[in-house]
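>>> Just a sequence and a predicted model for now, questions to come.
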Amino acid sequence: MNSRLLVCDPRHFRIDYEINPYMHTETQPELAAATAEHEAIVAAHLAAGRKVEYVAAAPDCPDMVYTANAAVVRGDHVVLANLPPERQAETPYHRAWFAERDYRIVQAPYAFSGQGDALACGDLLFAGHGQRTDRRTLDLLADFLDYRVVPLRTVSARWYDLDLALSVIDADTLAYCPEAFDQPSLAELHSAGLDLIEVSRAEADNFALNLVSDGTTVTMTTGAPVLAARLRERGKTVVQLETTELRKGGGGIRCTALTLDNA
Ligand code: ARG
């Protein structure tokens, strides 16, 4: 898992609007620092043996570095996101990238945050709704991508995307922040038959869960020593990187990588 990733360089990354509680137009990313941060993330993917592909950055798309929101992909099937109005200019670029490579594409007719709200684990798809994704999108994900969808609802805009509250560590293991979910969602998580690692609110607020794991190596942010230690106890190689610039847009490492190899 996560051996092929789609990324976008941050040359046009800016905070032009505030669509999540972490964004403040008066706190702009610094281009050189953001570029170095992004290059370090890509280098970590490559060092872990992952393949990285690029979609070209567009000047009118200041959030395009967060490729996770483009779509969710399984095999050659793609469900394109239906993003907030501020980000809709991204979708034609994403559609073109997939069309040039002969993917079978549908676009979600209702709100959909792409992989930000759709994390695959084998045949299961953990799907967030209630923030950036309309509940009705989940039926399309189940039908078109042939997943067993586990619906999860986060309780605050702090977790506007599921990938801030939950991460897939390997085929048998999830990490999650219990405070992020309502009761029915916690029940769904506990009955999924997977091992669960609990992450504190403090570490989740540091984007601890916004990580990329291939099952062996976990690429994650600094500022989450407890989660890092628990992953090492389980035999994972943990690589921790600074994500100070990406945080200004309300994202982290997971947000910058769309998985292309979901089986
Ligand atoms: N500024 C972006 C937005 O609010 C951040 C997206 C982060 N992506 C993610 N998968 N959580 O849309």
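In hand now; what should we look at?

>>> going forward, measure contacts and count neighbours with C-alpha atoms only.
Fine.

>>> where exactly do the strands run in the stretch 101-250 of the chain?
Shown for the stretch 101-250 of the chain, the strands assigned by DSSP state E, counting those that start in this stretch span residues 104-107, 118-121, 124-129, 148-153, 166-170, 173-176, 195-198, 212-213, 217-221, 237-241.

>>> and the third one, what does it pack onto?
Judged by 3 or more Cα pairs under 8 Å, 6 or more residues apart in numbering; DSSP states H and E, strand 124-129 is in contact with strand 118-121, strand 148-153.

>>> The last one pairs with which strands?
Think strand 148-153. Strand pairing for strand 148-153, using DSSP bridges, gives strand 124-129 (parallel).

>>> For the strand it pairs with, report the contacting residues that lie outside it.
117-120, 135, 138, 147-154, 161-162 (Cα atoms under 8 Å, 6 or more residues apart in numbering).

>>> Could you identify the most distant pair in those residues?
Distance extremes for those: the farthest pair is 147 and 154 at 20.5 Å, using Cα to Cα.

>>> The closest residue to the ligand within the stretch 101-250 of the chain: what's it in contact with?
Using Cα to the nearest ligand atom, the single residue of the stretch 101-250 of the chain nearest to the ligand is residue 116, 3.7 Å away. By Cα under 8 Å, 6+ apart, the contact set of residue 116 is 68-69, 161-163, 255.

>>> now residue 161
Contacts of residue 161 by Cα under 8 Å, 6+ apart are 113, 116-117, 128, 131-132.

>>> Could you do residue 262 as well?
1-2, 73-75, 120, 122.

>>> From the ligand, how far off is residue 100?
24 Å (Cα to the nearest ligand atom, to the nearest Å).

>>> Can we start the residue count at 29 from this point?
Sure, I'll start numbering at 29, so the last one becomes residue 128.

>>> burial count for that residue?
8 (other Cα atoms under 10 Å).

>>> Likewise for the one 5 residues further on?
Neighbourhood size, residue 133 [other Cα under 10 Å]: 17.
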